[in-house]
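**Student:** predicted model, plus sequence, below.
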Amino acid sequence: MNEGRCVKCGSCLRACPVLNDPSGSRFPGPRTVGVDAPRFLERDSIGQNALRCTTCHACEWACPSGITLTRSMLKLRSEMSGERLPGHRKMLENISSFGRTVSTEFSGWMEDGNRILYFPGCIGLGRSTDLTASVSSLLTSLGMKHDISSEAMCCGSPLLKIGALDAAEGLRRRNAEVFSRYDRIITSCPGCTYQLREVYGIEAEHVIEVLKGSDLCSNLEGRWALQVPCHLRRGISPWTAEDLISILESAGVSVVRMPGEDGCCGGGGGMLSGFPETSGSIARSKVDLYRRAGVNGVITACPFCSLNLGREGIKVLDIGEAIAPKH
Ligand code: SF4
Ligand code: SF4
């Protein structure tokens, strides 16, 4: 790791959505958790407060010394001992029971031996099934016949975030056989895309990468703001995030660009299950900004962002729900 390069400039602290939220005062911050704790054995005094981070990567991007803060924080989490937070215990129980972090509501499995797998992820199968149906239908209408496999389990990304490495590895082994049956894997969740690329070594594609260059239209009226997901912009790539915007604008959506559109929704990194009050508070601040801008709603490209912002009462659409093929 490269923590020794810290020049104590504080840029990471200013970038952190948790530290800058009124409910985030118990989070020691990225410098303490990511730089000091690994070197000076401060971990014992930090305890479970190390889990008060959404893993949004904003600190890492702000750091002039290129310190891999998020990676350091995840390593620390994997070494933590002691009792897990109730929400994280529940997540692990769900993994044991269903193989996914939440119970599965989706029932429209498509297991026809196609060479493309659409992998909606736990939230897409458990909480945002309309989103999943929309993306599946969009892919089909673009000529991409695909499976949605009941055998594919959680990708393991949420478990790495809470330090449950063994459980994540168990899922990786279980999924590897299923994934090997496919030539192409398409995801809706940038966290899943990132995990499949980094941990499984599979060149999975986020749906934005698939849609780029397609002839698309939209019947959305009014003005729509964006929630640019952390794991899309700072995980997959900033260019993929730009593609989200250009796809929507080319389809005729009136997109309102706002400062902070790429700020964290508050839901990632195990925060929604572990510290729902902070997660909700960060989401509320974002939703207040959208409301003040007078937009009709928000478009994003991550089931988690859809879920967490949508809980605050604003209309949130996934890109797969906002556009359709031009006939
Ligand atoms: S990853 Fe995001 S939430 Fe976590 S410390 Fe860095 S800026 Fe804060
Ligand atoms: S931004 Fe980087 S160099 Fe500056 S205080 Fe944070 S970790 Fe240290």
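**Tutor:** Noted; the coordinates are in hand. Ligands and ions are numbered 1, 2, ... in the order given.
**Student:** quick one, phi/psi of the residue positioned nearest the centre of the chain?
**Tutor:** Centroid-nearest residue in the chain: Gly191, 4.3 Å away (criterion: C-alpha atoms, centre = their mean). Phi and psi for Gly191, reported as degrees, to the nearest 10, are phi -60, psi -40.
**Student:** whichever residue of the stretch 101-250 of the chain sits closest to ligand 2 - nearest residue in space that isn't next to it in sequence?
**Tutor:** At 14.6 Å from ligand 2, Arg234 is the closest residue in the stretch 101-250 of the chain, using C-beta to the nearest ligand atom. From N, CA and C alone the C-beta is placed, and that goes for glycine too. Once flanking residues are discounted, Arg234 sits nearest to His57: 3.9 Å by C-beta to C-beta, 6 or more residues apart in numbering.
**Student:** contacting residues around the one you found?
**Tutor:** Contacts for His57 (C-beta atoms under 8 Å, 6 or more residues apart in numbering) come out as Thr70, Cys230, His231, Arg234, Gly235.
**Student:** out of the residues you listed, who's nearest Ser254?
**Tutor:** Nearest to Ser254 among the contacts of His57: Cys230, at 24.6 Å, using C-beta to C-beta.
**Student:** now do the same contact list for that closest one.
**Tutor:** Thr54, Thr55, Cys56, His57, Ala58, Asp262, Cys264, Cys265, Gly268.
**Student:** how close does the residue nearest to the centre of the chain get to ligand 1?
**Tutor:** Distance, Gly191 to ligand 1, by C-beta to the nearest ligand atom, to the nearest Å: 13 Å.
**Student:** again, but for Leu13
**Tutor:** 9 Å.
**Student:** report pLDDT for the nearest residue to that residue once chain neighbours are set aside.
**Tutor:** The shortest distance from Leu13 to any non-neighbouring residue, by C-beta to C-beta, 6+ apart, is to Gly29 (5.3 Å). Gly29 is assigned 94 on the pLDDT scale.
**Student:** Gly29 against Arg14, yeah?
**Tutor:** No - Gly29 is beyond contact range of Arg14, at 10.2 Å (criterion: C-beta atoms under 8 Å).
**Student:** find the nearest non-adjacent residue to Glu169, please.
**Tutor:** Gly156 (7.4 Å).
**Student:** got a list of what the one you found touches?
**Tutor:** Gly156 neighbours (C-beta under 8 Å, 6+ apart): Ala167, Ala168, Glu169, Leu171, Arg172, Asn175, Gln195, Val199.
**Student:** so who does the residue in the stretch 151-300 of the chain positioned nearest to ligand 1 touch?
**Tutor:** Closest to ligand 1 within the stretch 151-300 of the chain is Cys264: 6.1 Å, counting by C-beta to the nearest ligand atom. Applying C-beta under 8 Å, 6+ apart to Cys264 gives the contacts Pro17, Thr54, Cys56, Ala58, Cys230, Ile282.
**Student:** that one and Ile162: what is the separation?
**Tutor:** Remark: distance between Cys264 and Ile162 (C-beta to C-beta, to the nearest Å) = 17 Å.
**Student:** keeping just the C-alphas, turn the top helix by length along the chain into PDB.
**Tutor:** Looking across the chain with DSSP state H, the single longest helix is helix 276-292. Output in PDB follows, covering the C-alpha atoms of helix 276-292 (Å, rounded to 0.1, in the frame of the first residue of the first chain):
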ATOM      1  CA  PRO A 276     -29.400   3.400   7.300                       C
ATOM      2  CA  GLU A 277     -29.700   6.800   9.100                       C
ATOM      3  CA  THR A 278     -26.500   8.200   7.500                       C
ATOM      4  CA  SER A 279     -27.400   6.600   4.200                       C
ATOM      5  CA  GLY A 280     -30.800   8.200   4.200                       C
ATOM      6  CA  SER A 281     -29.400  11.500   5.300                       C
ATOM      7  CA  ILE A 282     -27.000  11.700   2.400                       C
ATOM      8  CA  ALA A 283     -29.700  10.700  -0.100                       C
ATOM      9  CA  ARG A 284     -32.100  13.300   1.300                       C
ATOM     10  CA  SER A 285     -29.500  16.100   0.800                       C
ATOM     11  CA  LYS A 286     -29.100  15.000  -2.800                       C
ATOM     12  CA  VAL A 287     -32.900  14.800  -3.300                       C
ATOM     13  CA  ASP A 288     -33.300  18.300  -1.900                       C
ATOM     14  CA  LEU A 289     -30.900  19.600  -4.500                       C
ATOM     15  CA  TYR A 290     -32.900  17.900  -7.300                       C
ATOM     16  CA  ARG A 291     -36.100  19.300  -5.900                       C
ATOM     17  CA  ARG A 292     -34.700  22.800  -5.800                       C
END
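**Student:** okay, buried residues for that helix please.
**Tutor:** Across helix 276-292, burial judged by 16 or more other C-beta atoms under 10 Å covers Thr278, Ser279, Gly280, Ser281, Ile282, Ala283, Arg284, Ser285, Lys286, Val287, Leu289, Tyr290.
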